[in-house]
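*Asks:* sharing a model prediction with you, sequence too.
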Amino acid sequence: MNAKLSRQDIARAAAGDIPDGSCVNLGIGLPTLIADYVPADRELMLHSEQGLLGLGPAPAPGEEDYDVINAGKFPVTLLPGASVFSHSESFLMIRGGHIQIACLGAFQVAANGDLANWTVDAPGQIPGVGGAMDLAAGAEQVWVLMEHCTKHGEPRILERCAYPLTAPGCVDRIYTDLAVIDVTPSGLAVRRLADGWTLDALQAVTGAPLTLALDGLAYRNSAIQGE
């Protein structure tokens, strides 16, 4: 039986791949969960666009401080040495190229790395691009975390985005509930698959051609299997 990863497992898979010492922005939605799954032997500087550097996992129940929140307005903790600064200074960091990896959610990603992730009329959300355009342009790498298909079963990874673009050609890697996929100059390369999935099965629910990464699938990663 083909398995799908939970949102928590997608975040865990991405967290496990972030190089030690990286400065990483966690965007609204699924990427904010990464803070809960940083490996114990890894030291990362997690950044939130409203003005935090050094944020940690979610607090224990009853210990929430709603003056300390992530980009999605959920409470987080601050690690020793964390910094709190203004929104404008935060965007100076982003636009100045000081973020190694921006982890963002998305509605659609194209085969060439085009990103579409801004809301137009989503219930309970303020329409707009937010800081995603700045992050897509300013970060050294952009990793997208999202479900592979919509709730109606339609692919989110396409030859071309049907939605208006947030930024062109910016995505380097995609983490979904089915696979980890690199965006390369020669197309989309599958690095890892969720347990029970084959390349052919993944291709059937993907709207753009896939190949196997040359160094992919050489091992089974427990996070991508959801164990």
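*Replies:* Done, it's in. All values reported here derive from a predicted model rather than from experimental measurement.

*Asks:* what's in contact with stretch 74-85?
*Replies:* Identification of contacts with stretch 74-85 by CB atoms under 8 Å, 6 or more residues apart in numbering yields 32, 35, 48, 51-59, 64-66, 68-70. For the C-beta atoms, the positions are set from N, CA and C on the backbone; glycine is no exception.

*Asks:* that's a strand at residue 54, yeah?
*Replies:* Yes: assessed with DSSP: H, G, I helix; E, B strand; the rest coil, residue 54 lies in a strand.

*Asks:* tell me which of the contacts of stretch 74-85 fall in strands.
*Replies:* Using DSSP state E, the subset of the contacts of stretch 74-85 located in strands is 48, 52, 53, 54, 55.

*Asks:* for residue 132, state which of those is nearest.
*Replies:* Closest approach to residue 132 among the ones in strands among the contacts of stretch 74-85 (CB to CB): residue 48, at 13.5 Å.

*Asks:* tell me which helix or strand of this protein sits lowest on mean pLDDT?
*Replies:* helix 222-225 (a mean of 47; mean pLDDT, DSSP states H and E).

*Asks:* residue 187 and residue 209 touch, don't they?
*Replies:* Yes: Residue 187 lies in contact with residue 209 (CB atoms under 8 Å); the separation is 5.9 Å.

*Asks:* intersection of neighbour lists for the two?
*Replies:* By CB under 8 Å, 6+ apart, residue 187 and residue 209 have these common neighbours: residue 111.

*Asks:* looking at the two, which is more packed in?
*Replies:* residue 187 (14 against 10; other CB atoms under 10 Å).

*Asks:* for the residue nearest to residue 21 when sequence neighbours are not counted, what are phi and psi?
*Replies:* Excluding its sequence neighbours, the residue lying closest to residue 21 (CB to CB, 6 or more residues apart in numbering) is residue 43, at 6.2 Å. Main-chain dihedrals, residue 43, degrees, to the nearest 10: phi -110, psi 110.

*Asks:* what's the separation between residue 43 and residue 81?
*Replies:* Between residue 43 and residue 81 the computed distance is 10 Å (CB to CB, to the nearest Å).

*Asks:* got it, and residue 18?
*Replies:* Distance of residue 18 to residue 81, computed by CB to CB: 18 Å.

*Asks:* quick one: which of those two has more around it?
*Replies:* residue 18 (20 against 8).

*Asks:* which helix in this protein has the most residues?
*Replies:* The residue-count maximum for a helix in the chain (DSSP state H) belongs to helix 7-17.

*Asks:* so what pLDDT did the residue located most distally from the centre of the chain get?
*Replies:* Distance to the chain centre peaks in the chain at residue 62, reaching 28.0 Å (criterion: CA atoms, centre = their mean). Per-residue confidence (pLDDT) for residue 62: 94.

*Asks:* how about it, phi and psi?
*Replies:* When quoted as degrees, to the nearest 10, the phi and psi of residue 62 stand at phi 90, psi -10.

*Asks:* residue 136 belongs to a helix?
*Replies:* Yes: membership of residue 136 in a helix is supported by three-state DSSP.
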